[in-house]
Structures are given as structure tokens and as C-alpha cells.
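> for reference, the sequence and a predicted model appear below.
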Amino acid sequence: MVLLASAFLAAPACTASGGAGTGSTAATSAGGAGGAVSGTTSSGSGHGGEGGLDLGVGGFTAGSGGGQIEPATDVQVVITADNAYSFGYGDLAGITHFTQGTRAQSAGEIFNCGEGPESYVVPAADAPPSAYLYIATWDDLAVTQGVLGQFLRVGGAALYTGDPKFEVCATGIDLSTSQTGPTQDDVNAQIKICNSGSGDKATTSAGWVNSAGAVTPGAIGMLAIGEANDAAPGGTFPPTCPTGTVPMPGTIDTASHWMWYQPGGIADAFHSTGTNTFRAYLIFRLKAQDIPPPPQ
């Protein structure tokens, strides 16, 4: 994206409808399409439709074997990205429910309330401990790049982007001119490559990495954790619809941190070099079991 004008600061009121499902060329922004998603499969590209989040709480359900207790509540998700992303969830092998993103046409579609951060719901039935949540994101090779968001199981505490529990795999596929990004099948094909660690070490991360380094044996680079979503002076990104500025949903707590992929040897993972130095597009993943459950 390009450097922002001050216009984004005049944010419209945040609503429960989905924001722009988009990213940018030189001027703009982020995102997966769709308003609240409730376990439907595939597509939903373009701007999100109306429809508030279903915030139903399911309490607790006794698990099998030894009286194990598992939280039976939905997972609320809010995401934005510079420049674009798609959101999905499934299991270790890949995505079974997918919302494909499109590119934004203004910087506000990353940062502004109501058109930037987008809200999703992963139904409790689709979020057992074995589930994985995925963000497939790409940039426009201009100025800045990053992903920001939060994940909260209803009744529990939020887990924020930048948490060391996130992992990322760099596919090395340059989508900087794409309007819609990878399809569900494309992402699943890359997840298979990431899981096997069979990517080209010259152009990909060759597997999953976290903030400490390789998760997949032999993988390259690490998860880059950037600045918080706050108003600290001198930051790379502006405050992005922080919680408390407008009614929820669609806001992002100041404890969230921007994140990206760091291949190594680069001082700043959040500023573009003008080429695909960071081996995007990137796939981030989070285990559902790592999202804090409601108190028992």
C-alpha cells in the first residue's frame, strides 16, 4: 500500500456487517470477504454482507474418556491485513470452510472501522481442539505489509496476532497483482507442501515457522512480530479501529500486534523492498486448542 493520507482518521461508525473484503495496489488494503461467517463452505468474495455476529454461548460439554471437559462455544474472529487476505478453518490437513478475499480500493479498507477489520464466527462444532484457523495473505510489494487481528472463544480471553502460538508458512508465490488471491484448493495444496516441508528453500520457508524459528524440521526464517495496535508515536501502522472507539464487533484490541514472515537477514519485515523478498503469499495458522477457553 502507499503512504496514508490523514483521511482514514475520520472513521465511519463500525457496524456488524462485514467490511471490505479486499487488499490494494499501491494505495490500499486488506482483506477477506464477508461479514460474520457461520460455518458455511467456500466463496463469499467481494465486500461482506450485512448480518451481525451470532454470539451464542454453548456452555460446556463433557468429552469422551475420563470426563474430559471441552469448551462448547463459538470462536469470534476479527482480522485485517495490508494488503489482502482470505480466512478459513479446518484441520491440520487443510481448510474445509473458506471465505475468499478481494483487494480493497482505499487505505480505509485496511484501517477504518466499518470498512477495514472484518468479523467472523467459527461455530463451536467447527472449533474443537483439533481444529486449525488459517489466514492466507498477500501484499502489493509497496510500502508496508502485515496482518492484525484477534481470536476469542465466547466466554474466554482473547488471543492476539503476534502471539508466539501463531505459525506461518511462506509459499513464495507472488500474488502482488492479484485481485482475489488464492482459491481454497490453491491454499490447501500449499498447506500440504508446508506440512511436508518440501518447498524450495530458495523461494519458500520450506515449512512452518514460529517466532522462535523452524517448526517443520529444516524450515527457514521465523514469524515476525511487529508493533501493537496502539497510538505510540513513530509507528509503521496507524491505530486500526481500536476497541472502545466504536461499538463492537469489528474492533481490534490494542494488545494485538502486526505480524508477517521474516526470511532472515532483513532488518524490517513490515516494509516492502519492492520485490517478493518475504516470499509471499503467506499462510498463517493457529490451533483452536490455543485459544483460551471460558473459565470452568
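Looks like it arrived, so ask away.
> and residue 188, what does it touch?
Neighbour list for residue 188: 93, 94, 95 [criterion: CB atoms under 8 Å, 6 or more residues apart in numbering]. Backbone N, C-alpha and C define where each C-beta goes, glycine included.
> inside helices: which ones of those?
In helices, judged by DSSP state H, none of those are found.
> and which of these is nearest residue 86?
residue 95 (9.0 Å; CB to CB).
> gap between that closest one and residue 218?
Distance check for residue 95 against residue 218: by CB to CB, to the nearest Å, it reads 24 Å.
> which one is residue 271 nearest to, not counting chain neighbours?
residue 144 (5.9 Å; CB to CB, 6 or more residues apart in numbering).
> and for the one you found, the neighbour number?
By other CB atoms under 10 Å, 22 other residues sit near residue 144.
> so residue 212 sits right up against residue 164, yeah?
Yes: between residue 212 and residue 164 there is a contact under CB atoms under 8 Å: 7.1 Å.
> tell me the phi and psi of residue 188?
phi -60, psi -30 (degrees, to the nearest 10).
> tell me how far it lies from residue 280.
According to CB to CB, residue 188 and residue 280 sit 18 Å apart.
> how about residue 232?
Distance from residue 232 to residue 280, by CB to CB: 26 Å.
> so what's the residue nearest to residue 197 when sequence neighbours are not counted scoring on pLDDT?
Spatial nearest neighbour of residue 197, chain neighbours left out: residue 207 (3.8 Å); criterion: CB to CB, 6+ apart. pLDDT recorded at residue 207 is 98.
> which of the helices or strands spans residue 207?
Residue 207 is part of no helix or strand when elements are defined by DSSP states H and E.
> how far away is it from residue 236?
According to CB to CB, residue 207 stands 27 Å off from residue 236.
> those two: who's more crowded?
Neighbours were counted for residue 207 and for residue 236 using other CB under 10 Å; residue 207 has more, 24 against 15.
> wait, doesn't that one sit right on residue 199?
Yes: between residue 207 and residue 199 there is a contact at 6.8 Å, judged by CB under 8 Å.
> quick check: neighbours shared by those two?
Common contacts of residue 207 and residue 199 (CB under 8 Å, 6+ apart): residue 169.
> would you map the strands across the stretch 101-250 of the chain?
118-122, 132-138, 146-153, 158-160, 167-170, 209-210, 213-214, 222-228 (DSSP state E, counting those that start in this stretch).
> how about these, which one is nearest residue 249?
Across the strands of the stretch 101-250 of the chain, the minimum distance to residue 249, taken as CB to CB, is reached by strand 118-122, at 4.3 Å.
> tilt between that closest one and strand 132-138?
Strand 118-122 and strand 132-138 are oriented at 150 degrees to each other (axes from the mean of the first three to the mean of the last three CA atoms, to 10 degrees).
> shaky segments in this structure?
Applying pLDDT under 70 to the chain flags the ranges 1-71.
> hang on, the earlier thing: contact partners for the residue nearest to residue 197?
169, 194-197, 199, 214-220.
> export the strands of the stretch 101-250 of the chain to a markdown table and tack on mean neighbour count and distance to residue 244?
Formatted as a markdown table, those follow (neighbours: other CB atoms under 10 Å; distance: least, CB to CB, whole Å):
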| stretch | mean neighbour count | distance to residue 244 |
| --- | --- | --- |
| strand 118-122 | 27 | 16 |
| strand 132-138 | 27 | 24 |
| strand 146-153 | 25 | 14 |
| strand 158-160 | 21 | 14 |
| strand 167-170 | 28 | 29 |
| strand 209-210 | 21 | 30 |
| strand 213-214 | 14 | 36 |
| strand 222-228 | 21 | 15 |
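> need these in a markdown table (columns: distance to residue 109).
Shown next, in a markdown table, are the strands of the stretch 101-250 of the chain (distance: least, CB to CB, whole Å):
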| stretch | distance to residue 109 |
| --- | --- |
| strand 118-122 | 10 |
| strand 132-138 | 14 |
| strand 146-153 | 13 |
| strand 158-160 | 21 |
| strand 167-170 | 23 |
| strand 209-210 | 29 |
| strand 213-214 | 34 |
| strand 222-228 | 20 |
